[in-house]
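1. need a structure here:
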Amino acid sequence: MLIAAEIVLGLLGITADFAGETKLPIEIRNYIARSSEADLTLAQLSGFGVGMVLVIGLIVGWVGLWRLWRPARTIYAVCWLAAVPLYLLLDPVVYYTPLGSMLSEYSVLAAGAILSLVFFSDLAGHFNRTRAEQAASCNHYQPPCFDDLP
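-> All right, here's what the predicted structure looks like:
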């Protein structure tokens with residue numbers, strides 16, 4: 001549920017920012033217009049390329065976490081950690097709408113909850129086990145106990 005919440009809240013936040021752009025003050029709308037017309041710098045192009053790779057990695061991480069694939073935890077964490085310094089390559093963003101900002105923050109909170117679960121809960125044990133341990137735990141059969149029957 002947290003994976004779905006992260007995805008849906010992130011997409012809703014982006015949608016809310018685009019939809020609410022017309023309600024922003026004129027100075028901010030002018031800044032957005034100037035920014036969209038300006039040529040991209042090499043740092044911005046590099047940031048965009050790295051960002052696309054990280055988005056693909058994040059999607060792989062989401063699917064992998066959903067399927068309880070061992071490397072998915074590392075892929076997901078690396079994508080989130082690598083995204084933080086990526087902000088240094090981007091332009092300042094000053095035009096978030098209140099609703100878009102709120103939804104984006106909730107998406108990040110869901111991501112933090114996912115990271116907490118896969119590293120610090122009982123679920124972390126699944127990602128730490130070897131294939132042999134996983135197979136042994138799945139094939140362990142215990143016959144029913146009939147001692148409690150009247």
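
2. Residues contacting the helix of greatest length in the chain, please?
-> As assigned by DSSP state H, the longest helix anywhere in the chain is helix 42-66. For helix 42-66, the external contacting residues (Cβ atoms under 8 Å, 6 or more residues apart in numbering) are 3, 6-7, 40, 69, 71-73, 75-76, 78-80, 82-83, 86, 89-91, 114, 118. Quick note: C-beta positions are derived from backbone N, CA and C, even for glycine.

3. swap the cut-off to 10 Å and go again
-> With contact meaning Cβ atoms under 10 Å, 6 or more residues apart in numbering, helix 42-66 is reached by 2-4, 6-7, 10, 38-41, 69-83, 85-91, 111, 114, 117-118, 123, 127.

4. buried residues in that helix?
-> Under the neighbour-count criterion of 16 or more other Cβ atoms under 10 Å, helix 42-66 has G47, G51, L54, G57, L58, V60, G61, W62, G64, L65 buried.
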